[in-house]
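K.L.:
Provide a 3D model corresponding to the input given below.
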Amino acid sequence: MNEFDQLWRRALTGEISWLTASGEPAVLPVTPLSGGSDGLACVALPYSSAGEVAGLRSATEVAFSVTDSRSLSQGRPGHAVIGDVEIIDDTEGEIFSVELLRQELVKYPPTRTLADSPLLCRENWWWLPRIIVRPMRVRRELELAARTNPATQALLVRDDGTGLTLDTVTVEHDRDPVRLTQLDGGPLRGDGAASAVSGYDYSMPDLERWERWSLHGALFGDELSVAHRSGNPEADLAPLSLLPRIRRQHALARDCRKELAARERARRA
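P.N.:
Have a look, this model is predicted:
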């Protein structure tokens, strides 16, 4: 097991990033898991994420990264690997249940309310099928400054002319265009390419509440001309009351079932 696989194994959260076939950058925060006989890095995405990661299937390069300081030893930098991936549609949940569920129960507490017993697994069967993504051939490795402020620090993903590139940056939200400063102090040298800036925060220790925020646009030098933004970097992560929690679970079940049904129809066609 190499250094990155060990880091991934210890991390509470990580990110996967890629460029779509049209060159648009995308970022998704994930729960780091380790699978296979060698215990190598992987992620297991519920089918509610199928639409969001559709572009991942045709991506020429994919990055796995750990940049959140809460998943790093004190004073240690983040790390990323970039290369090819294998994508497995585990539509029956067999791989996830056998190899990965126990890890997710430890790292991602919300899964305990859905699949912490044989009875819950039967009742919430839709939570077990997963899109499993594993790095295959690593082409490049990067060291990245750790992000310590979830509201103002983020992961910048783009094609800088050499392929998929990652940087950790400080974001000045109140400027237009938005100014980005690389955390290690180096210049960004944006040339107008499509860029995505993505940050996230989560409630501790239950991880029940997540807030993802992102900015998409063109990067010129160190300024991002924002075309689209989502999420709220300053969102309140207070615990949900009972009714919103029930509604969220129903929406999650609906989305997973819908995507699984579409996958089954496509298989039969």
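K.L.:
now the one helix or strand residue 259 maps to: average pLDDT?
P.N.:
Per DSSP states H and E: residue 259 is located in helix 242-268. Computed over helix 242-268, the mean pLDDT rounds to 94.
K.L.:
quick one: the strands in the chain?
P.N.:
Ranges of strands within the chain are 14-19, 25-30, 33-35, 40-46, 62-66, 78-90, 130-144, 153-159, 164-172, 178-182, 190-202, 210-221, 223-230, based on DSSP state E.
K.L.:
strands paired with the second one, and their directions?
P.N.:
Applying DSSP bridges to the sheet, strand 25-30 is found paired with strand 14-19 (antiparallel).
K.L.:
and for the last one?
P.N.:
Sheet pairing of strand 223-230 (DSSP bridges) gives strand 178-182 (antiparallel), strand 210-221 (antiparallel).
K.L.:
got the angle for that strand vs strand 190-202?
P.N.:
Going by axes from the mean of the first three to the mean of the last three Cα atoms, to 10 degrees, strand 223-230 is angled at 40 degrees with respect to strand 190-202.
K.L.:
next, the angle strand 164-172 makes with strand 223-230.
P.N.:
Counting by the same axes, to 10 degrees, strand 223-230 points 90 degrees away from the direction of strand 164-172.
K.L.:
before we move on, back to that, how about JSON lines for the strands of the chain, with mean pLDDT added?
P.N.:
Putting the strands of the chain into JSON lines (pLDDT from 0 to 100) gives the following:
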{"stretch": "strand 14-19", "mean pLDDT": "97"}
{"stretch": "strand 25-30", "mean pLDDT": "96"}
{"stretch": "strand 33-35", "mean pLDDT": "93"}
{"stretch": "strand 40-46", "mean pLDDT": "95"}
{"stretch": "strand 62-66", "mean pLDDT": "97"}
{"stretch": "strand 78-90", "mean pLDDT": "95"}
{"stretch": "strand 130-144", "mean pLDDT": "94"}
{"stretch": "strand 153-159", "mean pLDDT": "97"}
{"stretch": "strand 164-172", "mean pLDDT": "97"}
{"stretch": "strand 178-182", "mean pLDDT": "96"}
{"stretch": "strand 190-202", "mean pLDDT": "96"}
{"stretch": "strand 210-221", "mean pLDDT": "96"}
{"stretch": "strand 223-230", "mean pLDDT": "96"}
